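In: just a sequence and a predicted model for now, questions to come.
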Amino acid sequence: MGNIQAIAQSPYLNIHLGGMSVEFSMLTIAILLGFVQLFLAVQVVTAERGTAWNVGPRDVTPPLKGKLAGRLDRAFSNFKETFPFFAVAILMTAILGRHSWTTQVGSELYVAARILYVPLYAFGVTGLRTLAFLVSVVGIGLVLAALFVP
């Protein structure tokens, strides 16, 4: 554990945006990543389905035919599946005052893995994409672990 704690104290990992904690900085970056994924997916999907579909009622949604459009859409869907767990875990640890090296490393793992996940999925890299997903889940697990340690 000592080695992991030493890594957690590395100045290269301690990202503090606007004076926020590492955990809230990672939450902010994750929110920005979500918007980037949303706009990337919308741009590519709209290019395929057309502007009329995008601004219309979308009563009839044709299936995506292009690989990139489908991959970016699915990558964003996957982000939407994990982000709420991450966000709630960060908020719970903050409310309960459970900041520790596990919350710091866990939040950084989640964000780094989610950033890597997007191009891995977009370019169809199997295996590594799944590994990135699993690392993001481990990150959430580390944050949650802090809730059980007084």
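Out: Nice, thanks for sending it over.

In: so residue 66 is in contact with residue 44, correct?
Out: Yes. Between residue 66 and residue 44 a contact is recorded at 7.4 Å, counting by C-beta atoms under 8 Å. For every residue, glycine as well, the C-beta is placed using N, CA and C.

In: higher neighbour count, the two?
Out: residue 44 (19 against 14; other C-beta atoms under 10 Å).

In: what's near enough to touch the more buried one?
Out: By C-beta atoms under 8 Å, 6 or more residues apart in numbering, the residues touching residue 44 are 66, 68-69, 72-73.

In: what's the answer for residue 112, then?
Out: Contacts here follow C-beta under 8 Å, 6+ apart; on that basis residue 112 touches residue 135.

In: helix or strand: which one has it?
Out: According to DSSP states H and E, residue 112 maps onto helix 101-122.

In: and that helix, what's its mean pLDDT?
Out: The average of the pLDDT scores along helix 101-122 is 96.

In: and stretch 31-45, by the same measure?
Out: 96.

In: for the closest residue to residue 36 other than its chain neighbours, which residues are in contact?
Out: Excluding the flanking residues, the one nearest residue 36 by C-beta to C-beta, 6 or more residues apart in numbering is residue 118, at 7.9 Å. By C-beta under 8 Å, 6+ apart, the residues touching residue 118 are 33, 36-37, 40, 72, 75.

In: repeat for residue 147
Out: 89, 92-93, 96, 98.

In: any of those residues buried? List them.
Out: Buried members of these, counted by 16 or more other C-beta atoms under 10 Å: 89, 93, 98.

In: which one among those gets closest to residue 122?
Out: residue 89 (26.6 Å; C-beta to C-beta).

In: roughly how far does that closest one sit from residue 72?
Out: Per C-beta to C-beta, to the nearest Å, residue 89 is found 26 Å from residue 72.

In: for the residue nearest in space to the middle of the chain, give me its contacts.
Out: By C-alpha atoms, centre = their mean, the chain has its centre lying nearest to residue 114, at 4.0 Å. Taking C-beta under 8 Å, 6+ apart, we find residue 114 in contact with 30, 33, 79, 82, 132, 136.
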